[in-house]
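K.L.:
what would the 3D arrangement of this be:
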Amino acid sequence: MTRFAVSSLTSDFGSYPPRVRCAGPEPMRCGSVILVDHSSPEMWSMSERTAESRTHVTELAGPRVRLLLVHPRFPESFWSFRWAVERILPGSRALNPPLGLATLAALCPPHWEVAIVDESIESIPLRPEADIIGVCGMAVQFERQQQLLAYYREQGYHVVTGGSFASLCPERFEGLADTVVAGEAESIWPQFCRDYEQGQPQALYREQGIVDLEDSPTPRFDLLQLEKYTTVSLQFSRGCPFRCEFCDIIVMFGRKPRTKRPEQIGRELDVLRARGVRNIFFVDDNLIGNRKLAKELLGYLIEYQEHHEYTFHFGTEVSLNLAADAELMRLFRAAHFYWVFIGIESPDEASLRETGKTQNLLGDPLESVRAIYRHGIDVLAGFIVGFDNDTRDTFERQFQFIVASGIQSAMVGLLTALPRTPLYLRLEREGRLRAGVAHGDNTKLATNIVPRSMSYDEMVSGYQRLYQRLFRDANIARRIRNKMRYLRDPVFRERYDLRESAAILRRFFVCGLMRGGPLRLLRFAGTLLAARPRGWPQVVNDWIAGLATRDYIRRHLSRDTARESRLAGLTARRLRARCALAVRRDHLEISVRLERGVSNIRVVLRGYLERRSFRIAARRLVRLLRRTTTTVTLHVDTFHVEQRRQLENLLRRLAPYGDRVTIWVHERVRPLLSVDSAVFRLRKIADSPC
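P.N.:
As a prediction, this is how the structure comes out:
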């Protein structure tokens with residue numbers, strides 16, 4: 001499913017920035033548990049962290065319980081915008097904080113000590129001062145979630161798990177955790193807390209009733225490091241009135257949208273305004289599922305913004321029928337919503353009817369997008385290929401529509417079947433589900449369905465070519481020009497101060513435009529000329545989004561396996577030749593192997609290396625990682641203390657590619673070396689407890 005949505009608060013022990021909620025965003029390839037020197041300053045104790053941020057506790061009203069909520073790191077996806085976050089934007093490490101965890105913390109008894117760790121921005125502690133450890137997870141996080149649950153359970157903690165995947169498939173967690181929480185958290189989490197205090201926690205808590213969101217508390221934003229995120233999440237509603245066959249929203253939350261009161265949202269905004277937050281993402285799966293209540297919220301937000309001098313910029317997810325309601329679009333603009341995400345899925349009417357996406361059939365989808373542009377609101381969208389009606393010609397129709405619509409953040413996904421959805425049940429009956437395929441990210445070169453009107457290989461190769469065409473420089477520029485013909489007066493304004501804006505433009509020019517040569521500079525200039533000056537921030541924003549997606553596609557969807565294998569082998573041979581003395585002494589071992597169709601360079605450090613060996617290794621490995629999807633495995637079995645600086649410099653050079661770097665560290669080395677699990681994938685050697 002192509003949903004750009006953070007997990008709503010199910011027992012979702014967490015949520016994610018723009019997330020793909022589909023038959024799988026990404027085969028999970030995170031590492032095991034962290035290896036960090038506990039003497040390092042970032043490794044706090046539970047009591048220190050909670051004492052610093054607790055605002056709720058006035059006196060101890062019951063047994064002292066220490067809870068650590070862990071949000072596992074996500075593998076990179078289309079919505080990570082990693083290139084932009086790491087190279088262009090100031091001070092950010094991730095897009096969105098875990099809203100579900102912050103809400104769960106607010107549901108705890110006031111005398112509990114609660115801390116939150118988001119592995120997307122920081123390392124998790126090996127032995128925290130905690131009684132309970134809760135680990136969130138969506139389907140894409142399942143492998144990492146398993147690792148963390150197993151580790152903390154072995155250490156003797158009471159381990160609780162939850163999230164959207166546990167809500168859909170609680171049976172998959174049997175034996176992995178002491179307690180599984182399946183469903184929305186507002187009523188079942190307090191019940192778990194009471195049972196735990198009485199010494200009788202159950203193995204499974206399943207939501208049976210209908211949760212009233214007016215009972216949902218203000219999230220504990222004080223437990224989050226909000227300054228490390230580009231956008232902060234809020235939630236107004238749960239549920240969607242439509243019947244899209246591939247969607248799991250109605251399976252988990254039902255077809256009758258439930259909402260908070262506008263005043264609840266106001267209290268949450270007050271907290272975030274005091275923290276200096278300016279960008280807000282309403283993570284509702286469809287904010288206008290109940291249009292009457294949505295208009296009430298928008299009216300409230302307009303008054304709030306006027307009273308507070310338009311502090312916030314908002315974005316959210318809606319259905320395409322927004323374009324049929326002029327009053328609703330006017331309210332969105334007046335409240336300062338500068339973008340909406342829409343599941344357009346397909347310009348083909350037959351495919352939309354097939355999947356039950358009838359809300360997209362109320363008018364011409366291209367004209368609907370342009371109508372939203374005319375109100376100054378940008379459109380981000382999801383598209384799907386692989387419906388039963390889709391053929392090889394579908395890819396060209398999708399390409400022409402996306403270019404004509406000007407949608408820059410166009411997430412095209414392969415149709416995937418989530419457990420318990422109508423699509424999954426139908427394909428299961430028809431024997432058209434592919435076994436052994438993860439169902440967490442539909443923006444990879446694999447899916448768990450067997451298409452009807454083309455072969456599987458034709459679908460995957462056509463999908464790959466479609467993405468490559470869309471994010472060529474020429475087509476990035478064409479889409480911007482097509483958009484700016486209608487988006488004449490965008491709500492979007494530069495939200496950084498003058499100094500930050502200058503830094504962003506400088507990095508964009510050096511890392512983005514200059515790398516593309518004179519032709520990219522000319523195309524960028526052409527897009528500026530196509531817009532009014534007040535639209536130039538939107539143009540720059542679209543180029544950054546386009547180049548970030550192009551970088552993702554190059555590394556994940558444009559693989560030439562034979563070429564990459566040759567380059568990996570050549571790199572290994574040159575490294576062995578340049579470090580021949582260390583290799584002969586068995587202080588260094590370098591080899592290449594194929595893992596799941598991807599080349600992997602394995603480097604084993606067993607003894608003393610010359611300084612130049614570290615520099616050579618860094619230069620060669622970084623060049624390979626930049627040009628290919630090759631992975632690197634670094635075994636640190638032994639190293640001399642005086643070489644710590646050289647080794648840390650090597651890790652610093654590899655950090656931009658950390659999701660493809662696995663580091664094994666021996667237990668005896670761990671106290672000497674600090675490695676950030678938010679950056680690298682980490683494993684154990686021999687007797688390491690990690």
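
K.L.:
CA atoms for contacts and neighbours, from now on please.
P.N.:
Noted.

K.L.:
surely R370 meets M484?
P.N.:
No: if you go by CA atoms under 8 Å, R370 and M484 don't touch, sitting 9.9 Å apart.

K.L.:
give me the element V403 is part of.
P.N.:
Assigned by DSSP states H and E, V403 belongs to helix 394-405.

K.L.:
other SSEs contacting that helix?
P.N.:
With contacts taken as 3 or more CA pairs under 8 Å, 6 or more residues apart in numbering; DSSP states H and E, helix 394-405 sits against helix 365-374, helix 456-470, helix 473-484.

K.L.:
of those helices, flag the one that's most buried.
P.N.:
helix 473-484 (a mean of 22; mean count of other CA atoms under 10 Å).

K.L.:
state the mean pLDDT of stretch 368-386.
P.N.:
If you average the pLDDT over stretch 368-386, you get 97.

K.L.:
what's the end-to-end length of it?
P.N.:
24 Å (CA to CA, to the nearest Å).

K.L.:
show me what contacts S346?
P.N.:
Contacts of S346 were listed using CA atoms under 8 Å, 6 or more residues apart in numbering, and they are 352, 383-385, 398.

K.L.:
so what pLDDT did it get?
P.N.:
Note for S346: predicted pLDDT of 96.

K.L.:
what of P41?
P.N.:
pLDDT at P41 comes out at 31.

K.L.:
what sits up against whichever strand or helix holds R612?
P.N.:
Here R612, judged by DSSP H and E, is contained in helix 611-627. With contacts defined as CA under 8 Å, 6+ apart, helix 611-627 is touched by 555, 567-568, 571, 575, 578-579, 630-631, 643, 646-647, 650, 653-654, 657.

K.L.:
in the chain, what spans have low per-residue confidence?
P.N.:
1-62, 559, 670-671, 678, 683-690 (pLDDT under 70).

K.L.:
returning to that earlier point: okay, buried residues for the helix holding V403 please.
P.N.:
394-395, 398-399, 401-405 (16 or more other CA atoms under 10 Å).

K.L.:
same thing with stretch 168-181?
P.N.:
Buried positions in stretch 168-181, judged by neighbour count with 16+ other CA under 10 Å: 168, 170, 173, 176-181.

K.L.:
filter the residues you listed down to just the ones in strands.
P.N.:
179-181 (DSSP state E).

K.L.:
now those in a markdown table, with distance to I504?
P.N.:
Rendered in a markdown table, the data for these read as follows (distance: CA to CA, whole Å):
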| residue | distance to I504 |
| --- | --- |
| T179 | 45 |
| V180 | 44 |
| V181 | 42 |
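
K.L.:
pretty sure I504 contacts E86?
P.N.:
No: the pair formed by I504 and E86 falls short of the contact definition of CA under 8 Å, at 11.4 Å.

K.L.:
neighbour-wise, which of these two wins?
P.N.:
I504 (19 against 14; other CA atoms under 10 Å).

K.L.:
follow-up on the earlier one: quick one: which of the buried residues of stretch 168-181 is nearest to D284?
P.N.:
L168 (18.2 Å; CA to CA).

K.L.:
and the gap between the closest one and I88?
P.N.:
Per CA to CA, L168 is found 37 Å from I88.

K.L.:
just to revisit the earlier point, put the alpha carbons of the helix holding R612 into PDB.
P.N.:
Output of helix 611-627 as PDB, limited to C-alpha atoms (Å, rounded to 0.1, in the frame of the first residue of the first chain):
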ATOM      1  CA  ARG A 611      48.400   4.700  10.000                       C
ATOM      2  CA  ARG A 612      48.500   4.800   6.200                       C
ATOM      3  CA  SER A 613      46.600   1.500   6.100                       C
ATOM      4  CA  PHE A 614      43.600   3.100   7.800                       C
ATOM      5  CA  ARG A 615      43.700   6.000   5.400                       C
ATOM      6  CA  ILE A 616      43.900   3.700   2.400                       C
ATOM      7  CA  ALA A 617      41.100   1.600   3.700                       C
ATOM      8  CA  ALA A 618      38.900   4.600   4.300                       C
ATOM      9  CA  ARG A 619      39.500   6.100   0.800                       C
ATOM     10  CA  ARG A 620      39.000   2.800  -1.100                       C
ATOM     11  CA  LEU A 621      35.900   1.700   0.900                       C
ATOM     12  CA  VAL A 622      34.200   5.100   0.700                       C
ATOM     13  CA  ARG A 623      34.700   5.200  -3.000                       C
ATOM     14  CA  LEU A 624      33.200   1.800  -3.400                       C
ATOM     15  CA  LEU A 625      30.200   2.500  -1.100                       C
ATOM     16  CA  ARG A 626      29.500   5.800  -3.000                       C
ATOM     17  CA  ARG A 627      29.500   4.100  -6.400                       C
END
